[in-house]
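Engineer: how would this look folded up:
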Amino acid sequence: MPAKFLALLLLLAFPYTASADTFSEALARPVLSPLGKSALEKLEKKYKDTKFETAWVDIEDQEMQVRSFYTSSKKRNAATLRSMKGLRDEVDKRIANGQPTKALYLINGDKRFYAFDKVEQDEMKAYIAASYLAEDRAEKALKLATQALSRSDEKVPQAGWIAGLAAWRTERYRDAARYFEQAAKSPYASSWTISAAAYWAARAHLKFDDYETHIKMLQQAGQHPRTFYGMLALRSLGLDFAYNWELPLFTDAARSKLLGDKKTAALVYFLESGQEKLIEKSVRALPLTLEEGDAARILSALLHYRAYEMAYRYANRYAAEKNFYFDAALYPWTTWVKEDDFKVDTALVHGFMRQESRMDPNAKSGAGALGLLQLLPDTAKALDKTIKAEDLYKPAVNITLGQKYLQKLLDGGNVRGNLFDLAIAYNAGPGKLARWKDDLKAIDDPLLFIELIPSPESRAFIERVLRNYWIYRIRNNQPTITLDSVAGGNIPRYQAD
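Structural biologist: Numbers count the residues shown, from 1 in each chain. Below is the predicted model of the structure:
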């Protein structure tokens, strides 16, 4: 069907109403033409039958992209690959149980270990070294990490990162600086690892008054402004954040432009008819070769209809393909709840939402956490006895209860306004926060405290939530006092505006 004819059918079938900006308000609009209805039914069937072999690329995955991927040249048959996976699983189990020494004994005495090439062996050693560090056994971590680093160097950036932290922990700052720099220069490191290693190298150089290299390493970290340590580096340097908040309004002209193309016309139809599953499929089917203006119109339409998750995901795909960032869609500002109804800093709530659900109201975790802020039904019930599990899929309900939970944690004795502790309590639970604070009570460096937490998931969660929070504050032209605090080596204390 010609694109212009399809566009005409869509215009007849679904007259534009600017106020209908939610799925529920857009549902079941009448089709004014029998011919149009038939054509649209075919369009629906086409997209319902569309299947995609690959999963969405998540924004965090994109930010974790590396410039080069190490690929072993060793040839292995299926049986060998299965045995290698078996060994990895056994190592994982020992690490999960806090038994790095047993993991090390396992690989040293198991012939399956030699099916791995030298770099792969060193990757596993760096993994075990990280477990030693989490157990606060810095000397063992340093020994094992430097062994891996000396043999595989830049191919195993994790070894340099762990060696750097272990050397810092034992106050060998010159060694720490060298190891961090090795990690930061690796083409196999992600932007998060590069910015973290460069920032810590800058900190290490400051310990022995090497100000020139300190600035140089901050500048390297600052090249990654959408990472936790990249933001700290830019703030330390006194530089501005150059995010792209520009997106056009979704006007009648923009709508007409989208209706002029088959694939974008389908998206408009599904948005206006409230068909969420087909919205996702139509977004995934969009070409990545679009010019910035066309992509901006698509994102404006998605944000207009509160399809925030889809805006986020399309902006992510576009950034990965074109290296062009629509931050207004990557960090979408929602309107499910009125500003006056927020009791906790709106930017902080958005920071948690973005990390927990990618702004998907229908998100459900393997543990049964539901909705935008991934609340467990039991937690929600404790906050409001009238709540049913299915209510947590309603954005306004989830945000209201999520705020209550955040405020409860903020006021708790173990958090007391510390945003690092808040993120830990929210992600891992107040019990683990209490245990880790007791285990690491001798640590008075807030950043070192984060890096020594024995949970990679919680470490990543803290850094991403705080990054989100700061970017949302910047988006709203609000001061980022807690960013100043962390850049100055202090605890980020929550302050209600």
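
Engineer: Tell me the first helix or strand C-terminal of the helix or strand where Leu165 lies.
Structural biologist: Using DSSP states H and E, Leu165 falls within helix 157-169. Going down the chain from helix 157-169, the next helix or strand is helix 173-184, by DSSP H and E.

Engineer: any residues touching that following helix, and which ones?
Structural biologist: Here helix 173-184 makes contact (Cβ atoms under 8 Å, 6 or more residues apart in numbering) with 145-146, 149, 153-154, 157-161, 163-165, 167-168, 189, 193-194, 197-198, 200-201, 204-205, 207-208, 210, 213, 217, 220-221. Using the backbone N, CA and C atoms, a C-beta is placed for each residue, glycine as well.

Engineer: Quick check on the residues you listed: which are buried?
Structural biologist: 145-146, 149, 153-154, 157-161, 163-165, 167-168, 189, 193-194, 197-198, 200-201, 204-205, 210, 213, 217, 220-221 (16 or more other Cβ atoms under 10 Å).

Engineer: in this structure, which spans are strands?
Structural biologist: Here the chain has no strands by DSSP state E.

Engineer: Where does pLDDT dip in the stretch 51-200 of the chain?
Structural biologist: 53-68 (pLDDT under 70).

Engineer: Please enumerate the helices of it.
Structural biologist: Using DSSP state H, counting those that start in this stretch, the helices of the stretch 51-200 of the chain run over residues 59-63, 78-96, 100-108, 118-134, 138-152, 157-169, 173-184, 191-207.

Engineer: neighbours around Glu212, how many?
Structural biologist: Other residues within reach of Glu212, judged by other Cβ atoms under 10 Å, total 8.

Engineer: Local confidence estimate at it?
Structural biologist: At Glu212, the model reports a pLDDT of 98.

Engineer: which helices and strands does the helix holding Leu165 pack with?
Structural biologist: When contacts are defined as 3 or more Cβ pairs under 8 Å, 6 or more residues apart in numbering; DSSP states H and E, helix 157-169 sits against helix 118-134, helix 138-152, helix 173-184, helix 191-207, helix 446-452.

Engineer: any idea which of those is most buried?
Structural biologist: Most buried of the helices and strands packed on helix 157-169, by mean neighbour count (mean count of other Cβ atoms under 10 Å): helix 191-207, with a mean of 25.

Engineer: Could you name the helices and strands sitting against that one?
Structural biologist: Checked by 3+ Cβ pairs under 8 Å, 6+ apart, helix 191-207 has helix 157-169, helix 173-184, helix 211-221, helix 228-237 packed alongside it.

Engineer: mind listing what the nearest residue to Leu299 once chain neighbours are set aside touches?
Structural biologist: Closest residue to Leu299 apart from its sequence neighbours, by Cβ to Cβ, 6 or more residues apart in numbering: Ala329 at 4.4 Å. Counting by Cβ under 8 Å, 6+ apart, Ala329 touches 247, 299, 302-303, 311-312, 314-315.

Engineer: got a markdown table for the residues you listed, with neighbour count and pLDDT too?
Structural biologist: A markdown table is the format used below for the contacts of Ala329 (neighbours: other Cβ atoms under 10 Å; pLDDT from 0 to 100):
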| residue | neighbour count | pLDDT |
| --- | --- | --- |
| Leu247 | 18 | 94 |
| Leu299 | 25 | 97 |
| Leu302 | 25 | 97 |
| Leu303 | 25 | 97 |
| Ala311 | 26 | 96 |
| Tyr312 | 25 | 95 |
| Tyr314 | 25 | 93 |
| Ala315 | 28 | 93 |
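
Engineer: okay if I get these as CSV plus distance to Ala79?
Structural biologist: CSV is the format used below for those (distance: Cβ to Cβ, whole Å):
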residue, distance to Ala79
Leu247, 53
Leu299, 48
Leu302, 47
Leu303, 51
Ala311, 46
Tyr312, 42
Tyr314, 42
Ala315, 43
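
Engineer: buried set for stretch 288-300?
Structural biologist: Taking 16+ other Cβ under 10 Å as the criterion, stretch 288-300 shows 290, 294-300 as buried.

Engineer: Let's see which of these end up in helices.
Structural biologist: Counted as lying in helices by DSSP state H, out of those, are 294-300.

Engineer: Can you tell me which of those residues is closest to Lys42?
Structural biologist: Closest approach to Lys42 among these (Cβ to Cβ): Ile298, at 22.5 Å.

Engineer: Quick check: that closest one touching Asp261?
Structural biologist: No: the criterion here is Cβ atoms under 8 Å, and Ile298 misses it with Asp261 at 10.1 Å.

Engineer: follow-up on the earlier one: take the buried residues of stretch 288-300 and lay them out in CSV including distance to Met353.
Structural biologist: Output for these, formatted as CSV (distance: Cβ to Cβ, whole Å):
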residue, distance to Met353
Leu290, 27
Asp294, 28
Ala295, 23
Ala296, 23
Arg297, 25
Ile298, 22
Leu299, 18
Ser300, 21
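
Engineer: Sort out which one of those residues lies nearest Leu267 for me.
Structural biologist: Of these, the one sitting nearest to Leu267 (Cβ to Cβ) turns out to be Ile298, at 6.9 Å.

Engineer: give the contact list for that closest one.
Structural biologist: Contacts for Ile298 (Cβ under 8 Å, 6+ apart) come out as 258, 264, 267, 283, 286, 290, 314.

Engineer: What's the separation between the fifth one and Asp261?
Structural biologist: Computed with Cβ to Cβ, to the nearest Å, the distance linking Leu286 and Asp261 is 10 Å.

Engineer: next one: the third one
Structural biologist: Computed as Cβ to Cβ, the Leu267 to Asp261 distance reads 9 Å.

Engineer: Find residues that contact each of those two.
Structural biologist: Taking Cβ under 8 Å, 6+ apart as the contact rule, Leu267 and Asp261 touch no residue in common.

Engineer: who has more neighbours, those two?
Structural biologist: Leu267 (27 against 19).

Engineer: Thought Ser282 was touching that one, still the case?
Structural biologist: Yes: between Leu267 and Ser282 there is a contact at 4.4 Å, judged by Cβ under 8 Å.

Engineer: and of the contacts of Ala329, the nearest to Gly109?
Structural biologist: Looking across these and measuring by Cβ to Cβ, the closest to Gly109 is Tyr312, at 47.1 Å.

Engineer: so who does the nearest residue in space to His350 that is not next to it in sequence touch?
Structural biologist: Closest residue in space to His350, ignoring its immediate chain neighbours: Tyr472 at 4.9 Å, by Cβ to Cβ, 6+ apart. Neighbour list for Tyr472: 331, 333, 346-348, 350-351 [criterion: Cβ under 8 Å, 6+ apart].
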